[in-house]
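Engineer: Task: produce atomic coordinates for the following.
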Amino acid sequence: MRRYRILIANRGEIAVRIARAVRELGHIPLGVYTSIDKRSFHRMFMEEDYEISSYLDIDEIIKAAEELGADAIHPGYGFLSENPEFAERVSRKFIFIGATPKAMRIAGDKIMAKKIAEEVGVPTLPWAVVKDPEDVRDFARTYGYPVMIKAAGGGGGMGIRVVRSDEEVDVLFEQAEKEAKNAFGDKRLYVEKFLENPKHIEVQILGDDRNVIHLYERDCSIQRRHQKLIEEAPAVILRPEERKRITSDAVRLMKEIGYTSAGTVEMLFDMKTRQHYFMEINARLQVEHPVTEMITGVDIVKEQLNIALNGSMTLRQEDVKIHGHAIEARVNAENPVTMLPSPGTIVDYIEPSGPGIRVDSGVNKGYSVPAEYNPLIAKVIAWGPTREEAINRLVRALSEYIITGIETNILLLKHVLKHPVFLSGQHTIRFMDMYIDEIRENILEEERIHAIVMAIVTMRSANGFRAILGPSFFGKGSNGYSRRLQTLKRRAWAYWSMLKTRVRRRK
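Structural biologist: Numbering: from 1, shown residues only. Alright, predicted model coming up:
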């Protein structure tokens, strides 16, 4: 078997994830890094690597591939992963492990993608291309407010504005147009009817020159500012016939554009009408791909490699089955209350483990989290035979995760996972907007208890627990007091380790 030298044009946890798959298939992972990432964790997983000035510099990445003797390039996600120019230039000299430039152009042009979806009978919300604010008002007169203005070449939540009245149109149109031009070099906009409270459902697709299949769907409704926080598979709210319709529509659309490699078709699901609507195509590997891997047993990155290097998948649709439930939480270097980034050096680092737990991380003890890149440092994925067990495992794993020296959003993730609306499966994309104040209060209360525990432990005054927290905190009877006290003592060392760092940083 030929051993390919594969350059991974990315950083952090996804570079580590791809490097592992490359090695498991008997190939050789090569890497790139910037001056900021000289001590990056992902460099440890590469056979050789090469310094570049930016992960967005096409010329430098191609030069790195030439210098390292690469046969192929995998872009990961983000950066250049959906850039058709990059895919084209790579394909002239190397094997590109990803979607074709044609598919990227269709996916990157949301107007074109919507037209194709309509042509093949995939449902879309009412929409129209708009050239000025008056076009938006005309659309709203037909379909009513609210409406959403979107960038035609958009992504990552950029160039999007929700309009609720005629009076808001001029300002929000100007903002969206300016943001779209600055972010994508394309100021084209379209407008569509805005669903107030939908689910965000995406279907995982794999395709080669002859075959397109789905790996079922994910529920990605827990979001903040259009950025996902928690994802799960399968979508617990879907009935079997609804799942069949959504996945069939996604496959039909991707077959129409001749899709190859891994990609997703994103849908909005109206909880009232039980109808789904096409939103967009992501022509790349998704951050949340591990939850699909956990329920299907399919290694999506290895399938990408097989498609690119061998020309075909190892799978057919009948091979793909759902087993159990999986949930992923994105651990970010940010304050759990303000959600502001928290760059810095990791002092202590212990990953959770145990049955059904997977951690995809890009950091280790002593690693300095830079301010210049996305704050995602790890993904914790839990699998269980049922959704309830998967949730419990994930909460347990997050409780075991020790990261000090920086702040993380772990407390936020835990409180979302334990919220009754999330537990019911009825949460929508508005969950964070609706419940963030309640969740913040719960986080602050937990931190208050942690701080009290820390203070009492350092004073070695066990009786202080009852005096400060009050007898009602421990329940009735001496047994309840003893059990709760022992629990607090067992956790105190972790609270102390975390909070002494946090207190030091806030001075």
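Engineer: For the rest of this, base every contact and every neighbour count on C-alpha atoms.
Structural biologist: Will do.
Engineer: Assign a three-state SS to residue 379, would you?
Structural biologist: Put simply, residue 379 is strand when judged by DSSP: H, G, I helix; E, B strand; the rest coil.
Engineer: which stretches of the stretch 351-500 of the chain form helices?
Structural biologist: Under the criterion DSSP state H, counting those that start in this stretch, helices of the stretch 351-500 of the chain are mapped to 387-400, 410-417, 420-424, 431-459, 463-469, 477-506.
Engineer: Ok, the stretch 51-200 of the chain next?
Structural biologist: For the stretch 51-200 of the chain, applying DSSP H, counting those that start in this stretch gives helices covering 58-68, 84-93, 101-108, 110-119, 133-143, 169-184.
Engineer: need the contact list for the residue nearest the centre of the chain.
Structural biologist: Note on the chain: the residue nearest the mean C-alpha position is residue 287, at 4.4 Å, using C-alpha atoms, centre = their mean. By C-alpha atoms under 8 Å, 6 or more residues apart in numbering, the contact set of residue 287 is 14, 77.
Engineer: Just say helix, strand or coil for it.
Structural biologist: Residue 287 is classified as coil under three-state DSSP.
Engineer: Just the pLDDT for it.
Structural biologist: Predicted confidence (pLDDT) for residue 287: 96.
Engineer: Now the phi/psi pair for it, please.
Structural biologist: phi -50, psi -40 (degrees, to the nearest 10).
Engineer: That one and residue 66, how far apart?
Structural biologist: From residue 287 over to residue 66 the distance is 28 Å, taken as C-alpha to C-alpha, to the nearest Å.
Engineer: domains for this structure, by residue range?
Structural biologist: 5-97, 126-193, 199-437, 443-506 (automatic domain parsing).
Engineer: Check the offset of the third one from the chain's centre.
Structural biologist: If I follow you right, that is domain 199-437. Computed by C-alpha atoms, centre = their mean, to the nearest Å, the separation of domain 199-437 from the middle of its chain amounts to 6 Å.
Engineer: Now the terminal residues of that domain, how far apart.
Structural biologist: 21 Å.
Engineer: all helices of the stretch 201-350 of the chain, in order?
Structural biologist: Applying DSSP H, counting those that start in this stretch to the stretch 201-350 of the chain gives helices spanning 240-256, 289-296, 300-310.
Engineer: what's the most buried one of those helices?
Structural biologist: Compared across the helices of the stretch 201-350 of the chain, helix 289-296 shows the largest average neighbour count, a mean of 23 (mean count of other C-alpha atoms under 10 Å).
Engineer: For that helix, enumerate the helices and strands it packs against.
Structural biologist: Contact analysis of helix 289-296 by 3 or more C-alpha pairs under 8 Å, 6 or more residues apart in numbering; DSSP states H and E lists strand 212-224, strand 227-233, strand 325-332, strand 376-384 as its packing neighbours.
Engineer: 7 Å instead, please
Structural biologist: Under the contact definition 3 or more C-alpha pairs under 7 Å, 6 or more residues apart in numbering; DSSP states H and E, helix 289-296 sits against strand 227-233, strand 325-332.
Engineer: okay, those in TSV with distance to residue 199, mean pLDDT and mean neighbour count next?
Structural biologist: Below are the helices and strands packed on helix 289-296 laid out as TSV (distance: least, C-alpha to C-alpha, whole Å; pLDDT from 0 to 100; neighbours: other C-alpha atoms under 10 Å):
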stretch	distance to residue 199	mean pLDDT	mean neighbour count
strand 227-233	12	96	23
strand 325-332	16	98	26
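Engineer: how about those strands in CSV, adding distance to residue 76?
Structural biologist: As requested, the helices and strands packed on helix 289-296 are exported to CSV (distance: least, C-alpha to C-alpha, whole Å):
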stretch, distance to residue 76
strand 227-233, 17
strand 325-332, 17
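Engineer: out of everything not next to it in sequence, what's closest to residue 415?
Structural biologist: Setting aside the residues directly before and after it, residue 415 is nearest to residue 439 in space (C-alpha to C-alpha, 6 or more residues apart in numbering), at 6.3 Å.
Engineer: Based on its surroundings, how many neighbours for the one you found?
Structural biologist: Other residues within reach of residue 439, judged by other C-alpha atoms under 10 Å, total 22.
Engineer: And residue 136, by the same measure?
Structural biologist: Close neighbours of residue 136, defined as other C-alpha under 10 Å, add up to 24.
Engineer: Give me the pLDDT for it.
Structural biologist: Reported pLDDT for residue 136: 97.
Engineer: same thing with the one 3 residues further on?
Structural biologist: In this model, residue 139 is scored at 97, pLDDT.
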